[in-house]
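# I'll drop the sequence and a predicted model, then ask my questions.
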Amino acid sequence: MKSVINSFIIAIAMYSKIPMPKVEWNRNNMKYSICFFPLVGAVIGAILYAWGRICIACGFGQVCFALVGAVLPVIVTGGIHVDGFMDTSDALHSYAEKEKKLEILKDPHIGAFSVIAVIGYFLLFVAGLTQIWKKEHLVLLALGFVISRTLSGMSLVWFPGAKKDGLLYQFSSTAHKQTVRVVLVTILACCFISAVLLSPVLGSIMALAAMWVWTYYYYMSRKQFSGITGDLAGYFLCLCELSTVLIVGLLGRIM
(Lines give C-alpha, C1' and ligand atoms only; values in the text may rest on other atoms or scores of the structure.)
Protein backbone atom coordinates (compact mmCIF):
# COMPACT_ATOMS: atom_id res chain seq x y z
CA MET A 1 0.00 0.00 0.00
CA LYS A 2 2.88 2.35 0.80
CA SER A 3 4.31 1.96 -2.72
CA VAL A 4 0.88 2.78 -4.21
CA ILE A 5 0.58 5.95 -2.13
CA ASN A 6 4.13 6.97 -3.04
CA SER A 7 3.40 6.28 -6.72
CA PHE A 8 0.37 8.57 -6.47
CA ILE A 9 2.46 11.33 -4.87
CA ILE A 10 5.21 11.05 -7.50
CA ALA A 11 2.72 11.12 -10.40
CA ILE A 12 0.94 14.23 -9.15
CA ALA A 13 4.24 15.95 -8.29
CA MET A 14 5.74 15.15 -11.69
CA TYR A 15 2.82 16.06 -13.94
CA SER A 16 1.31 18.98 -12.05
CA LYS A 17 2.11 21.92 -9.81
CA ILE A 18 -0.15 20.62 -7.05
CA PRO A 19 1.86 20.65 -3.80
CA MET A 20 2.71 17.13 -2.63
CA PRO A 21 4.88 15.70 0.16
CA LYS A 22 8.39 14.65 -0.82
CA VAL A 23 9.12 10.95 -1.35
CA GLU A 24 12.13 9.14 -2.75
CA TRP A 25 11.99 8.53 -6.50
CA ASN A 26 13.07 4.89 -6.63
CA ARG A 27 11.93 1.85 -8.60
CA ASN A 28 9.55 0.60 -5.91
CA ASN A 29 7.89 3.98 -5.37
CA MET A 30 7.49 4.70 -9.08
CA LYS A 31 6.18 1.38 -10.39
CA TYR A 32 2.49 2.42 -10.27
CA SER A 33 2.96 6.14 -10.94
CA ILE A 34 1.65 6.05 -14.51
CA CYS A 35 -1.66 4.64 -13.23
CA PHE A 36 -2.31 7.98 -11.50
CA PHE A 37 -1.41 10.20 -14.46
CA PRO A 38 -5.10 10.45 -15.57
CA LEU A 39 -5.96 11.96 -12.16
CA VAL A 40 -4.17 15.14 -13.20
CA GLY A 41 -6.53 15.29 -16.18
CA ALA A 42 -9.48 14.75 -13.86
CA VAL A 43 -8.38 17.72 -11.74
CA ILE A 44 -8.02 19.94 -14.83
CA GLY A 45 -11.38 18.74 -16.16
CA ALA A 46 -13.10 19.46 -12.84
CA ILE A 47 -11.59 22.95 -12.68
CA LEU A 48 -12.67 23.75 -16.25
CA TYR A 49 -16.15 22.39 -15.61
CA ALA A 50 -16.46 24.53 -12.46
CA TRP A 51 -15.14 27.58 -14.33
CA GLY A 52 -17.67 27.01 -17.09
CA ARG A 53 -20.54 26.81 -14.65
CA ILE A 54 -19.33 29.95 -12.88
CA CYS A 55 -19.19 31.83 -16.19
CA ILE A 56 -22.73 30.74 -17.04
CA ALA A 57 -24.07 31.63 -13.59
CA CYS A 58 -22.35 35.02 -13.48
CA GLY A 59 -22.83 35.89 -17.14
CA PHE A 60 -19.11 36.34 -17.82
CA GLY A 61 -19.49 35.31 -21.46
CA GLN A 62 -17.86 32.76 -23.75
CA VAL A 63 -14.75 34.81 -24.52
CA CYS A 64 -13.91 35.11 -20.82
CA PHE A 65 -14.49 31.37 -20.34
CA ALA A 66 -12.31 30.51 -23.33
CA LEU A 67 -9.37 32.79 -22.58
CA VAL A 68 -9.14 31.82 -18.92
CA GLY A 69 -9.99 28.20 -19.75
CA ALA A 70 -7.05 27.95 -22.15
CA VAL A 71 -4.67 29.07 -19.40
CA LEU A 72 -6.03 26.92 -16.55
CA PRO A 73 -4.46 23.62 -17.76
CA VAL A 74 -1.09 25.38 -18.10
CA ILE A 75 -1.39 26.70 -14.54
CA VAL A 76 -2.16 23.22 -13.17
CA THR A 77 0.61 21.46 -15.11
CA GLY A 78 3.20 24.23 -15.16
CA GLY A 79 3.30 24.05 -18.96
CA ILE A 80 5.30 20.82 -19.08
CA HIS A 81 3.29 19.43 -22.01
CA VAL A 82 3.25 22.72 -23.93
CA ASP A 83 7.04 22.77 -23.64
CA GLY A 84 7.14 19.32 -25.27
CA PHE A 85 4.76 20.48 -27.98
CA MET A 86 6.99 23.43 -28.82
CA ASP A 87 10.21 21.39 -28.83
CA THR A 88 8.67 18.70 -31.01
CA SER A 89 7.30 21.28 -33.45
CA ASP A 90 10.79 22.70 -33.83
CA ALA A 91 12.27 19.25 -34.40
CA LEU A 92 9.64 18.17 -36.93
CA HIS A 93 9.99 21.37 -38.97
CA SER A 94 13.77 21.07 -39.07
CA TYR A 95 13.46 18.18 -41.56
CA ALA A 96 16.80 16.97 -40.26
CA GLU A 97 18.05 13.44 -39.57
CA LYS A 98 16.70 11.56 -36.55
CA GLU A 99 19.81 12.20 -34.46
CA LYS A 100 19.63 15.93 -35.16
CA LYS A 101 15.93 16.01 -34.29
CA LEU A 102 16.66 14.37 -30.94
CA GLU A 103 19.31 17.02 -30.30
CA ILE A 104 16.77 19.76 -31.07
CA LEU A 105 14.42 18.24 -28.49
CA LYS A 106 17.12 18.68 -25.84
CA ASP A 107 17.98 22.24 -26.90
CA PRO A 108 16.71 24.68 -24.20
CA HIS A 109 16.28 27.43 -26.81
CA ILE A 110 13.13 27.80 -28.89
CA GLY A 111 12.92 28.32 -32.63
CA ALA A 112 10.53 30.22 -34.87
CA PHE A 113 8.50 27.11 -35.73
CA SER A 114 7.75 26.37 -32.07
CA VAL A 115 6.45 29.91 -31.56
CA ILE A 116 4.31 29.74 -34.69
CA ALA A 117 2.98 26.32 -33.68
CA VAL A 118 2.09 27.26 -30.12
CA ILE A 119 0.34 30.49 -31.20
CA GLY A 120 -1.71 28.54 -33.73
CA TYR A 121 -2.44 25.88 -31.12
CA PHE A 122 -3.81 28.31 -28.54
CA LEU A 123 -5.82 30.24 -31.13
CA LEU A 124 -7.54 27.02 -32.17
CA PHE A 125 -7.94 25.96 -28.54
CA VAL A 126 -9.60 29.24 -27.60
CA ALA A 127 -11.79 29.10 -30.71
CA GLY A 128 -13.09 25.69 -29.67
CA LEU A 129 -13.69 26.76 -26.06
CA THR A 130 -15.75 29.77 -27.15
CA GLN A 131 -18.34 27.34 -28.51
CA ILE A 132 -18.66 25.21 -25.37
CA TRP A 133 -21.43 26.23 -23.01
CA LYS A 134 -23.82 23.30 -22.51
CA LYS A 135 -23.46 21.28 -19.33
CA GLU A 136 -22.99 17.96 -21.15
CA HIS A 137 -20.35 19.52 -23.39
CA LEU A 138 -18.42 20.70 -20.34
CA VAL A 139 -18.47 17.13 -19.04
CA LEU A 140 -17.19 15.83 -22.39
CA LEU A 141 -14.45 18.45 -22.27
CA ALA A 142 -13.48 17.29 -18.78
CA LEU A 143 -13.38 13.67 -19.94
CA GLY A 144 -11.05 14.69 -22.78
CA PHE A 145 -8.33 15.68 -20.32
CA VAL A 146 -8.54 12.28 -18.65
CA ILE A 147 -8.52 10.46 -22.00
CA SER A 148 -5.43 12.30 -23.27
CA ARG A 149 -3.43 11.40 -20.16
CA THR A 150 -4.66 7.83 -20.15
CA LEU A 151 -3.53 7.34 -23.74
CA SER A 152 -0.25 9.10 -23.00
CA GLY A 153 0.33 6.73 -20.09
CA MET A 154 -0.51 3.75 -22.30
CA SER A 155 2.11 4.86 -24.80
CA LEU A 156 4.75 4.74 -22.07
CA VAL A 157 4.19 1.03 -21.51
CA TRP A 158 3.48 0.02 -25.14
CA PHE A 159 5.44 2.27 -27.50
CA PRO A 160 9.22 1.95 -27.98
CA GLY A 161 11.37 4.69 -26.49
CA ALA A 162 13.82 6.74 -28.54
CA LYS A 163 16.32 7.07 -25.68
CA LYS A 164 17.61 5.09 -22.73
CA ASP A 165 17.68 8.06 -20.41
CA GLY A 166 15.46 10.93 -19.30
CA LEU A 167 12.35 11.10 -17.14
CA LEU A 168 10.12 9.28 -19.62
CA TYR A 169 12.51 6.33 -19.73
CA GLN A 170 12.74 6.39 -15.94
CA PHE A 171 8.96 6.20 -15.58
CA SER A 172 8.47 3.54 -18.28
CA SER A 173 11.39 1.36 -17.17
CA THR A 174 10.31 1.31 -13.52
CA ALA A 175 6.60 0.74 -14.25
CA HIS A 176 4.87 -2.48 -13.30
CA LYS A 177 3.69 -2.76 -16.90
CA GLN A 178 1.06 -5.48 -16.53
CA THR A 179 -0.74 -3.59 -13.75
CA VAL A 180 -0.39 -0.23 -15.49
CA ARG A 181 -1.84 -1.60 -18.74
CA VAL A 182 -4.87 -3.13 -17.03
CA VAL A 183 -5.58 0.02 -15.01
CA LEU A 184 -5.20 2.43 -17.92
CA VAL A 185 -7.23 0.33 -20.37
CA THR A 186 -10.00 0.15 -17.76
CA ILE A 187 -9.93 3.93 -17.25
CA LEU A 188 -9.97 4.52 -21.01
CA ALA A 189 -12.91 2.17 -21.50
CA CYS A 190 -14.86 3.90 -18.71
CA CYS A 191 -14.14 7.32 -20.24
CA PHE A 192 -15.20 6.24 -23.73
CA ILE A 193 -18.38 4.57 -22.46
CA SER A 194 -19.24 7.64 -20.37
CA ALA A 195 -18.69 9.95 -23.34
CA VAL A 196 -20.87 7.85 -25.65
CA LEU A 197 -23.64 7.52 -23.07
CA LEU A 198 -23.57 11.28 -22.47
CA SER A 199 -23.66 12.15 -26.18
CA PRO A 200 -23.70 9.20 -28.60
CA VAL A 201 -22.53 11.11 -31.69
CA LEU A 202 -20.13 13.61 -30.13
CA GLY A 203 -18.79 11.04 -27.68
CA SER A 204 -18.11 8.52 -30.45
CA ILE A 205 -16.38 11.08 -32.66
CA MET A 206 -14.33 12.33 -29.72
CA ALA A 207 -13.20 8.79 -28.88
CA LEU A 208 -12.33 7.99 -32.50
CA ALA A 209 -10.38 11.25 -32.85
CA ALA A 210 -8.39 10.52 -29.70
CA MET A 211 -7.48 7.05 -31.00
CA TRP A 212 -6.55 8.49 -34.40
CA VAL A 213 -4.20 11.02 -32.79
CA TRP A 214 -2.72 8.21 -30.66
CA THR A 215 -2.13 6.12 -33.80
CA TYR A 216 -0.54 9.09 -35.57
CA TYR A 217 1.67 9.61 -32.50
CA TYR A 218 2.90 6.01 -32.72
CA TYR A 219 3.79 6.04 -36.41
CA MET A 220 5.19 9.58 -36.39
CA SER A 221 7.43 8.88 -33.39
CA ARG A 222 8.74 5.66 -34.95
CA LYS A 223 9.43 7.26 -38.32
CA GLN A 224 10.79 10.63 -37.20
CA PHE A 225 12.52 9.78 -33.89
CA SER A 226 12.76 5.96 -33.67
CA GLY A 227 10.52 6.04 -30.61
CA ILE A 228 8.87 8.30 -28.08
CA THR A 229 10.40 10.82 -25.68
CA GLY A 230 9.00 13.06 -22.96
CA ASP A 231 8.71 15.94 -25.42
CA LEU A 232 6.84 13.77 -27.92
CA ALA A 233 4.47 12.68 -25.15
CA GLY A 234 3.70 16.35 -24.49
CA TYR A 235 3.17 16.94 -28.21
CA PHE A 236 0.67 14.08 -28.38
CA LEU A 237 -1.17 15.20 -25.27
CA CYS A 238 -1.62 18.73 -26.61
CA LEU A 239 -2.90 17.46 -29.98
CA CYS A 240 -5.28 15.02 -28.31
CA GLU A 241 -6.75 17.73 -26.10
CA LEU A 242 -7.03 20.10 -29.05
CA SER A 243 -8.99 17.47 -30.98
CA THR A 244 -11.41 17.15 -28.06
CA VAL A 245 -11.90 20.91 -27.73
CA LEU A 246 -12.53 21.39 -31.46
CA ILE A 247 -14.89 18.43 -31.77
CA VAL A 248 -16.92 19.24 -28.66
CA GLY A 249 -16.92 22.96 -29.40
CA LEU A 250 -17.44 23.18 -33.16
CA LEU A 251 -19.37 19.99 -33.85
CA GLY A 252 -21.32 20.37 -30.64
CA ARG A 253 -22.49 23.78 -31.74
CA ILE A 254 -24.05 22.54 -34.99
CA MET A 255 -25.55 19.31 -33.65
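Yep, that arrived. Residues are numbered from 1 along each chain as shown.
# tally of neighbours for L124?
Neighbour count of L124, defined by other Cβ atoms under 10 Å: 16. No exception for glycine: its C-beta is placed from N, CA and C like everyone else's.
# And it, how close does it get to A189?
28 Å (Cβ to Cβ, to the nearest Å).
# What of S226?
30 Å.
# and the two? which has more neighbours close in?
S226 (16 against 11).
# Run a quick neighbour tally on the closest residue to that one other than its chain neighbours.
Nearest non-adjacent residue to S226, counting by Cβ to Cβ, 6 or more residues apart in numbering: A162, 5.1 Å away. Residues lying near A162 (other Cβ under 10 Å) number 23.
# element containing the spatially closest residue to L197 that is not a sequence neighbour?
Distance criterion Cβ to Cβ, 6+ apart; nearest residue to L197, sequence neighbours excluded, is G203 at 7.2 Å. Assigned by DSSP states H and E, G203 belongs to helix 200-225.
# Give me the mean pLDDT for that helix.
Average pLDDT, helix 200-225: 96.
# Run through the residues that contact R53.
Applying Cβ atoms under 8 Å, 6 or more residues apart in numbering, we find R53 in contact with K135, L138.
# Give me the below-cutoff pLDDT ranges for the chain.
Residue ranges of the chain with pLDDT under 70: 163-176.
# ranges for the helices of it?
For the chain, applying DSSP state H gives helices covering 2-15, 27-30, 37-58, 62-77, 80-92, 98-106, 112-129, 135-158, 166-174, 177-198, 200-225, 230-246, 252-254.
# okay if I get those helices as CSV plus distance to P21?
Formatted as CSV, the helices of the chain follow (distance: least, Cβ to Cβ, whole Å):
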stretch, distance to P21
helix 2-15, 6
helix 27-30, 12
helix 37-58, 16
helix 62-77, 18
helix 80-92, 20
helix 98-106, 31
helix 112-129, 33
helix 135-158, 22
helix 166-174, 19
helix 177-198, 23
helix 200-225, 33
helix 230-246, 24
helix 252-254, 40
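# quick one on the thing from earlier: quick one: buried residues of the helix holding G203?
The neighbour-count check on helix 200-225 (16 or more other Cβ atoms under 10 Å) flags 202-203, 205-207, 209-210, 213-214, 217-218, 220-221, 224-225 as buried.
# Nearest to I18 among those?
A210 (24.3 Å; Cβ to Cβ).
# Surely that closest one touches R149?
No - with contacts counted by Cβ atoms under 8 Å, A210 stays clear of R149, the gap being 11.0 Å.
# From S16, how far off is the residue lying closest to S7 once chain neighbours are set aside?
Residue nearest to S7 in three dimensions, not counting chain neighbours: Y32, with 3.7 Å by Cβ to Cβ, 6+ apart. Taking Cβ to Cβ as the measure, Y32 falls 17 Å from S16.
# same question, I80
Per Cβ to Cβ, I80 is found 9 Å from S16.
# Overlap in contacts, the two.
Between them, I80 and S16 share no contacting residue, judged by Cβ under 8 Å, 6+ apart.
# Compare those two (neighbour count), which wins?
The neighbour count for I80 versus S16, taken as other Cβ under 10 Å, is higher for S16 (21 against 18).
# give me phi/psi at the more buried one?
Here is the backbone geometry of S16 (degrees, to the nearest 10): phi -150, psi 170.
# Then Y95?
phi 50, psi 30.
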